[in-house]
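Trainee: Sequence first, predicted coordinates after that:
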Amino acid sequence: MKVIIVGGVAGGASAAARLRRLDENAQITMYERSGYISYANCGLPYYIGEVITDRRQLTLQTPDSFYKRFRVDVKVNHEVLSIDRVNHTVEVKNLSTGEIFTDNYDKLVLSPGAKAVKPPIPGIESERIFTLRTVEDTYRIADEIKALKAESAVVIGGGFIGIEAAENLTGIGLSVSLCEASPQVLSQFDDDMIPQVHAVIREKGINLILGRAISSFEEKEDGIESVLSDGEHIKSDIVLLAIGVAPDSALAVSAGIKTGIKGAITVDEHMLTSDPDIYAVGDAAEIEELVTGSKANIPLAGPANKQGRIAADNIAGISSSYKGTMGTSVLKIFDITAASTGINERRARAMSLKYDKVILSPSSHASYYPGGKVMTMKVLFDPDKDRLLGAQIIGYDGVDKRIDVIATALRAGMRASELAALELAYAPPYSSAKDPVNMAGFIIENVINQKVRHFFYDDIPSLQKKDDAFLLDTRTMREYSAGHAPGFINIPVDELRERLNEVPCDKTVYVMCQSGLRSYIAFRILSAHGYRCFNFAGGYRLYSSIAGEKVINSSSYDCGMDKKALQ
């Protein structure tokens, strides 16, 4: 059997290696348009930022090493121009020599990846404008920065690559402007989670511009100007475009292979295209979103690797299926970490899904052990079906661990409330006896069982105008004096039982504290005395982060008790 793989990197290289492990006799040829077959896409910005200093660390395999290990015939700098599905052949161009030749296949795997989006903006073809998608792109940017002795850069796009590029360019001393046409960076996150990311970006000296698109570029003798939609000009030495990627499916389209959302190649659960002898994997393939069951195109390395393996299984006669993606991802943003899995609120609303949410601010580990830092967790679930829908976490230590636990629970089909029952590793330097994931489960249990009702940041403006609402802040007087939401009256939780006469019984009580813990205790006290009340999800820490777009205090200690009393 002869198998041709178009494209390397995550999907293609994984398919080739897996197929060889399953079939020692298969003839496998891989054609890769660039000069590298397997490289660390996600590490490219860190080479520009001189975090990774050895070019060899970016290239995971070379044609020689891949051949020695797997006996795969790898042809770099070779572009597949067309597919003849009737005769089972491909037309290939050697980009180094210009030679064009034909090769035949029994099975074909398409792993062409995605291409950087370059919209038809006037001036976009300037040599000072770069995209960051391949190893060659990375070297070109790094070399140009040195050649120009660049001091400034404009990064366009607030997705993963844009933020990583902005951070790394800042790290080597460039003055950076980060422009995002939407009102926020990182569309995977909801607008109540993202302000602290904005705050960190600005705190590190980046000029963050939101809600304004680029209308044109104007090259000058000593630089380039990015012209915003409102007419503002931002001058820089270089511009880096990171406004997204599109499936590179032109080869499939020209061969008459069916495509779907965003032009991605349509595949079934076995990664098989509309042609029974052609598979497609990775960034160019259309896949299923696990939570909603809808079609999606999610260009991530993890799914691409798994899809390559599944295609190889099926070529080798093993019935293997891809079960959909959750889009689980994590990103370092200077000192903080942002991670998500599943869907966010915008997606849930767009799909008309019934959902509820919990927001909490737990510590990364036991509060009495030094160094614990707060993270903000948001978990979406279907209250009727007790089904997990997604989660977002922003914080410092331990964010990646918690998102992975929730992603595992989501993949396993666990009920949302079952997060409370997970037995997770505990020692004071690493976690708490009640891990943040457990705490999310406890709160979800309480919501489903109607032991607590929440209100959220967006509810506050209307509540401040309602005559039948009593807004209660249960933090200490010192905390309250340092800052509070307008209209909230201070009664510390430890004094609440003795001061119930100050809480009008004919009004609905809306309770807030620093993180949500003390206000929940107040909620239970008030409920036991017949009050109708709601607890503010996320606490004043979250409120102040959104209202003031500032970094959430990383200190984990906020239970409102004397530390000595806890020892």
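Mentor: That came through fine. Treat the numbers as computed from the prediction; the structure is a model and nothing was measured.
Trainee: Which phi and psi values does the residue nearest in space to the middle of the chain adopt?
Mentor: Here the mean C-alpha position of the chain is nearest to the C-alpha of residue 329 (CA atoms, centre = their mean), at a distance of 4.2 Å. The phi/psi pair for residue 329 (degrees, to the nearest 10) reads phi -150, psi 160.
Trainee: shouldn't it be in contact with residue 300?
Mentor: Yes: using CB atoms under 8 Å, residue 329 is in contact with residue 300, at 6.4 Å. (C-beta placed from N, C-alpha, C; glycine too.)
Trainee: quick revisit: the residue nearest to the centre of the chain bridge partners, please.
Mentor: In this entry, residue 329 is beta-bridged to residue 340, by DSSP bridges.
Trainee: Same question for residue 511.
Mentor: residue 472, residue 535.
Trainee: can you list contacts of the helix or strand where residue 240 lies?
Mentor: For residue 240, the element it lies in under DSSP states H and E is strand 238-241. Applying CB atoms under 8 Å, 6 or more residues apart in numbering, the contact partners of strand 238-241 are 116-118, 124, 126, 128-132, 141, 144-145, 148, 150, 152-157, 162, 165, 169, 217, 224, 226.
Trainee: low pLDDT regions in the chain?
Mentor: 40, 550, 552-567 (pLDDT under 70).
Trainee: Beyond the strand holding residue 240, next helix or strand please.
Mentor: Sequence-wise, the next helix or strand downstream of strand 238-241 (DSSP H and E) is strand 245-247.
Trainee: residue ranges of the strands in the stretch 201-350 of the chain, please?
Mentor: Under the criterion DSSP state E, counting those that start in this stretch, the stretch 201-350 of the chain contains strands at 207-210, 214-220, 223-228, 233-236, 238-241, 245-247, 265-266, 278-280, 285-288, 295-296, 329-333, 336-342.
Trainee: looking at those strands, which is buried most?
Mentor: Greatest average neighbour count among the strands of the stretch 201-350 of the chain goes to strand 278-280 (a mean of 29), per mean count of other CB atoms under 10 Å.
Trainee: who's in contact with that strand?
Mentor: Residues from elsewhere that reach strand 278-280, judged by CB under 8 Å, 6+ apart: 15, 83, 85, 107-111, 252, 257, 265, 267, 270-273, 311, 314-315.
Trainee: In JSON lines, list the strands of the stretch 201-350 of the chain along with distance to residue 420.
Mentor: Output for these, formatted as JSON lines (distance: least, CB to CB, whole Å):
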{"stretch": "strand 207-210", "distance to residue 420": "37"}
{"stretch": "strand 214-220", "distance to residue 420": "47"}
{"stretch": "strand 223-228", "distance to residue 420": "48"}
{"stretch": "strand 233-236", "distance to residue 420": "49"}
{"stretch": "strand 238-241", "distance to residue 420": "44"}
{"stretch": "strand 245-247", "distance to residue 420": "39"}
{"stretch": "strand 265-266", "distance to residue 420": "40"}
{"stretch": "strand 278-280", "distance to residue 420": "41"}
{"stretch": "strand 285-288", "distance to residue 420": "29"}
{"stretch": "strand 295-296", "distance to residue 420": "30"}
{"stretch": "strand 329-333", "distance to residue 420": "24"}
{"stretch": "strand 336-342", "distance to residue 420": "18"}
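Trainee: so what strands line up beside the strand holding residue 240?
Mentor: strand 129-131 (parallel), strand 152-156 (parallel).
Trainee: between these, which one is nearest to residue 76?
Mentor: Counting by CB to CB, residue 76 lies closest to strand 129-131 out of the strands paired with strand 238-241; the figure is 19.9 Å.
Trainee: now that closest one: how far from the chain's centre is it?
Mentor: Relative to the centre of its chain, strand 129-131 is centred 23 Å away, using CA atoms, centre = their mean, to the nearest Å.
Trainee: all helices for the stretch 51-200 of the chain, in order.
Mentor: 63-70, 135-148, 160-171, 195-203 (DSSP state H, counting those that start in this stretch).
Trainee: just these: most buried one?
Mentor: Neighbour counts (mean count of other CB under 10 Å) averaged over each of these peak at helix 160-171, with a mean of 24.
Trainee: List the contacts of it.
Mentor: With CB under 8 Å, 6+ apart as the test, helix 160-171 has contacts from 45-46, 48-51, 132, 153, 155-156, 176, 178, 180, 185-186, 201, 204-206, 240, 242-243, 329, 331-334.
Trainee: Now residue 220. Nearest residue, chain neighbours left out?
Mentor: Of all residues not flanking residue 220 in the chain, residue 235 sits nearest, at 7.2 Å (CB to CB, 6 or more residues apart in numbering).
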